[in-house]
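Engineer: show me how the following folds:
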Amino acid sequence: MLSSLGSLFWWHFSGYWDFGAAPHRHQLQTSNYLVGGTMNVGCRKLTAKSLEEPEQRLANIIDFLPDATFAIDGAGKVIIWNRAIEEMVGVKAKDILGKENYEYAIPFYGIRRPQLIDLVLNPDKILPEKAYLFLVKKDRRVFAETKLPIVKGENLFLWGMAGPLYDNRGNVVGAIESIRDITKLKNTELELEKMELDLRGKNCELESLNSALRVLLKQRDEERNMVEEKIQFNINLLVLPSIELLKAKADIRTKSLINILLSNLRDITSPFAQKLSTQFLNLTNKEVQIANLIKEGKSTKEIATFLSVSVAAINLHRYRIRKKLCLTKTQNLQSYLSALS
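Structural biologist: Numbering: from 1, shown residues only. Prediction:
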């Protein structure tokens, strides 16, 4: 009697399952095995009704296992072919039970050839080259994974496990194999691998683009510095000398205006105005102009005189500038603006 089902099957019986000639699904045929020191040479076919209850229960369990399962006797004759394997390959038990000569390989491979279950009975048997994606042997059990190009009209990935069947003396009298369809799992793995490769490719593209962008930004900064230096050089060479001459002959008010003009000229190449306009886009042009004058240390009255507006108007602009820059009452506006330079 089979005492356990799983990776290793122990079968104690005085005969073997013969499904071929019986009108019922299962039928027991005794064979030439030693029983109690005598040789039983008679071959008697018993109907399923005469099976012992544990054996019949075991036969039902195997038949309804969720994994495709089949078994062969020591001569390679198919003795078990459950419902799950019928559904997997489309071959009914009545059409294959009792068949020999690797008949069980035809539904999978289209030809007669050894497969996983044969390594249990003959560990030295040579399988077709690259028959399995991987194959592992442990004791007398064999585990493998394979890809079948076409079974029932579709590509299949199958995982299989095969082990020996024993009689009540521990002699190997057959082998059994369970097969699981892992096509969905394998296809998911392959899809994930493909996605990973695609992501790696895109990461490489992004890294290349980032490298190119860094080079362009560096070139832009270098070109900008060159332009600023050229502008500053031209201002110092062509503009400032003339302004200094005007300043020497000007009155107090005009000198004040000239000083503001000089400050503005310096700001042409200074990052202050650019920072103020880019970091605080909600500042108006007038507010940027007033913020620049505040940075230069001009008082509210001086700014009002220079812009020809009232002191109240400048105070309103100062209030709006502080609010847009999110300054607290304790923060000094001129110090904050100077820090931006």
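
Engineer: how about residues contacting stretch 184-191?
Structural biologist: K147, F157 (CB atoms under 8 Å, 6 or more residues apart in numbering). Just so you know, the C-beta spots here come from the backbone N, C-alpha and C atoms, and that holds for glycine as well.

Engineer: quick one: that stretch to chain centroid distance?
Structural biologist: Distance, stretch centre to chain centre, for stretch 184-191: 11 Å (CA atoms, centre = their mean, to the nearest Å).

Engineer: that stretch: which residues count as buried?
Structural biologist: For stretch 184-191, the neighbour count (16 or more other CB atoms under 10 Å) marks K186 as buried.

Engineer: the strands in the protein, which residues?
Structural biologist: Counting by DSSP state E, residue ranges of the strands within the chain are 15-17, 28-30, 34-35, 38-39, 45-46, 68-73, 78-81, 134-138, 141-151, 154-166, 172-181.

Engineer: what about this structure, any weak spots by pLDDT?
Structural biologist: 1-55, 129, 150-154, 266-281, 341 (pLDDT under 70).

Engineer: how is it carved up into domains?
Structural biologist: Following automatic domain parsing, the chain resolves into domains at 15-181, 270-341.

Engineer: quick check: which of the ones you listed is buried the most?
Structural biologist: Counting by mean count of other CB atoms under 10 Å, domain 15-181 has the highest mean neighbour count of the domains of the chain, with a mean of 16.

Engineer: so how far is it off the chain centroid?
Structural biologist: 39 Å.

Engineer: same check, this time on stretch 326-338
Structural biologist: For stretch 326-338, the distance to the chain centre is 51 Å (CA atoms, centre = their mean).

Engineer: that one: end-to-end distance?
Structural biologist: Stretch 326-338 stretches 16 Å from its first residue to its last (CA to CA, to the nearest Å).

Engineer: stretch 241-257 now?
Structural biologist: Span of stretch 241-257 from end to end, CA to CA: 16 Å.

Engineer: ok, now stretch 110-120?
Structural biologist: 22 Å.

Engineer: now stretch 86-95
Structural biologist: End to end - CA to CA - stretch 86-95 spans 10 Å.

Engineer: same question for stretch 170-189.
Structural biologist: 41 Å.

Engineer: now find how far off-centre it is within its chain.
Structural biologist: 27 Å.

Engineer: D221: which of the domains of the chain is closest?
Structural biologist: domain 270-341 (11.9 Å; CB to CB).

Engineer: residue contacts, K286?
Structural biologist: H317.

Engineer: would JSON lines of the domains of the chain with distance to E193 be doable?
Structural biologist: Putting the domains of the chain into JSON lines (distance: least, CB to CB, whole Å) gives the following:
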{"stretch": "domain 15-181", "distance to E193": "14"}
{"stretch": "domain 270-341", "distance to E193": "45"}
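
Engineer: I231: which of those is closest?
Structural biologist: domain 270-341 (11.0 Å).

Engineer: still on that earlier bit, can you put the strands of the chain in a markdown table and add distance to K92?
Structural biologist: Formatted as a markdown table, these follow (distance: least, CB to CB, whole Å):
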| stretch | distance to K92 |
| --- | --- |
| strand 15-17 | 16 |
| strand 28-30 | 20 |
| strand 34-35 | 33 |
| strand 38-39 | 36 |
| strand 45-46 | 21 |
| strand 68-73 | 12 |
| strand 78-81 | 8 |
| strand 134-138 | 29 |
| strand 141-151 | 16 |
| strand 154-166 | 19 |
| strand 172-181 | 17 |
